[in-house]
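A.B. asks: below are the sequence and a predicted model for it; my questions follow.
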Amino acid sequence: MLKKLLSISAGLLLTVSVFAAQQWADNAPHSYIVKKGDTLWGISAKFLIKPWHWPEIWQLNSKVRNPHLIYPGDQLILSDGSVSHGEGSVGPHVRETSLDNAIKPIPLSDVKQFLKNSRVVDEDAIRDAPHIVAVEENRLRGTAGQLVYIRGLSANVGDQFAIVRPMGRYYDMPPEDEGKVRETYRQERDGRDGRKSLLWRHGPMEWSFKGRVRFLGYEVLEYGVVQVTRTGNPSSALVTYSDFEVREGDFILPLDPTPYDDQFVPHPPAQAPDNMRVIAFTDALNAVGPLQVIALSRGAEDGVDNGTTYSIYSDGEVVQDNTDYPKGKSRAFFNPHDSKVQLPPEFIGHVMVFRTFKRVSYGLVMDSVRPVHVGDFLHDPDTTP
């Protein structure tokens, strides 16, 4: 009898904990018809207080066999927490709609550049990469339809490769204060030419007085495709596609072997990595807002995966307590630590990871109440720091 009671109690606790995460928003209607242009985040943000808990809700509904695949025309019944496929339907059925028509977790148009054109590679990828040594007819620049000559390429006629150009590199350093976690930075590529100056190994940033500086990866811009027309060293290749002019010194890498996976759902992190920070963004000088891309200082080896959602916070400032320790007075001078007050972190918004590399990831800012800055930190969205 005691075992039975314990089992029932455990089941009730689990039910309560799951239900607590599944809080419906006050404005949630009885039902909702999925529309073309909807996103998984957009729908969940309308109906859930915590939209990153989407999987926990829809996986409880037996009528939806795959919570990744929800389509325009599907009717979401919200009042009793059930979902049905198609208006008026009562159970699962064979779907004739293409998987490509399923709604996506985020608006892909806002991250197109980072799905197609940007990736982060390790040091060996650049050290061993073939490179363009010349463009046909000794031209300074090449475009689609022209031949380029590649040194160090081992391939067969007809093979295709990506043309890439390194744009910067990520690294982390020992902290200023002992016991703190390492800080991550992005270093823009400078104007020096040549592979030697580009490579991290034996570079000027490899060591510091506080310890070893760790290289995280090169961010490269993939802007074109070549197809091998003649093997050798150098090989000849035809530029079949290019977003802008090809130039001597650009590198040749294999086409991305891991196409973008858009079959994921928003979810909280299993465990937020320590000191995960915003380290870069594009299309802005100082700050970004909703639906803009940010680079994050942790990646797959830290347990980050597509769909992971974090809260973004800024560090609280240190201020002077001018009431008990007036500035310029002896009490403030002799009690410097007591006169300073560390303010709590300030909530900024939410970010969802959409592409993950080994030690770096890209995320899309989903909402924000304040601008996002480089150096802001990420935290578990279900708790406060």
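C.D. replies: That came through, no problem. Numbering: from 1, shown residues only.

A.B. asks: distance of residue 301 from residue 357?
C.D. replies: 9 Å (Cβ to Cβ, to the nearest Å). The way it works is simple: take the backbone N, C-alpha and C, and place the C-beta from them, glycine included.

A.B. asks: run through the bridge partners of the closest residue to residue 300 other than its chain neighbours.
C.D. replies: Once flanking residues are discounted, residue 300 sits nearest to residue 356: 4.9 Å by Cβ to Cβ, 6 or more residues apart in numbering. Bridge pairing for residue 356 (DSSP bridges) gives the partners residue 361.

A.B. asks: and residue 261, how many neighbours does it have?
C.D. replies: 12 (other Cβ atoms under 10 Å).

A.B. asks: likewise residue 237?
C.D. replies: 28.

A.B. asks: can you pull the pLDDT of residue 322?
C.D. replies: If you check residue 322, the pLDDT there is 85.

A.B. asks: what separation do you get for it and residue 316?
C.D. replies: Distance from residue 322 to residue 316, counting by Cβ to Cβ: 17 Å.

A.B. asks: the more surrounded of residue 301 and residue 357?
C.D. replies: residue 357 (21 against 11).

A.B. asks: surely that one meets residue 302?
C.D. replies: No. Using Cβ atoms under 8 Å, residue 357 is not in contact with residue 302, being 10.9 Å away.

A.B. asks: okay, now the unreliable bits of this structure?
C.D. replies: 1-22, 56-67, 77-100, 177-181, 190-193, 201-211, 258-259, 283-284 (pLDDT under 70).

A.B. asks: helices or strands up against the biggest strand by length in it?
C.D. replies: Taking DSSP state E as the criterion, the chain has its longest strand at strand 214-230. Contacts defined by 3 or more Cβ pairs under 8 Å, 6 or more residues apart in numbering; DSSP states H and E place strand 214-230 against strand 118-121, helix 123-127, strand 147-151, strand 160-173, strand 235-242, strand 251-254.

A.B. asks: export the next helix or strand after the last one as CSV, just CAs?
C.D. replies: If you walk from strand 251-254 toward the C-terminus, the next helix or strand you reach (DSSP states H and E) is strand 278-281. Backbone C-alpha positions of strand 278-281 (Å, rounded to 0.1, in the frame of the first residue of the first chain) are rendered in CSV as follows:
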residue,chain,number,x,y,z
VAL,A,278,27.2,37.4,-26.8
ILE,A,279,30.5,37.8,-28.7
ALA,A,280,29.5,39.4,-32.1
PHE,A,281,26.7,40.5,-34.3
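
A.B. asks: could you tell me how far strand 278-281 lies from the centre of the chain?
C.D. replies: 10 Å (Cα atoms, centre = their mean, to the nearest Å).

A.B. asks: how near is residue 134 to residue 223?
C.D. replies: For residue 134, the distance to residue 223 - Cβ to Cβ - is 18 Å.

A.B. asks: who has more neighbours out of the two?
C.D. replies: Neighbours per residue (other Cβ under 10 Å) separate residue 134 from residue 223, with residue 223 holding more: 19 against 16.

A.B. asks: dump the residue contacts of that one.
C.D. replies: By Cβ atoms under 8 Å, 6 or more residues apart in numbering, residue 223 lies in contact with 117, 163, 164, 165, 242, 243, 244.

A.B. asks: can you say which of those are buried?
C.D. replies: Using 16 or more other Cβ atoms under 10 Å as the burial test, the contacts of residue 223 include 163, 164, 165, 242 as buried.

A.B. asks: before we move on, the earlier item: quick one, the longest strand of the chain and strand 160-173 angle?
C.D. replies: Taking axes from the mean of the first three to the mean of the last three Cα atoms, to 10 degrees, one finds that strand 214-230 is oriented at 170 degrees with respect to strand 160-173.

A.B. asks: would you mark the buried spots in strand 214-230?
C.D. replies: Buried, per 16+ other Cβ under 10 Å, within strand 214-230: 215-226, 228.

A.B. asks: and for stretch 316-330?
C.D. replies: residue 325.

A.B. asks: and residue 55, which of the three is it?
C.D. replies: Applying DSSP: H, G, I helix; E, B strand; the rest coil to residue 55 yields a three-state assignment of helix.
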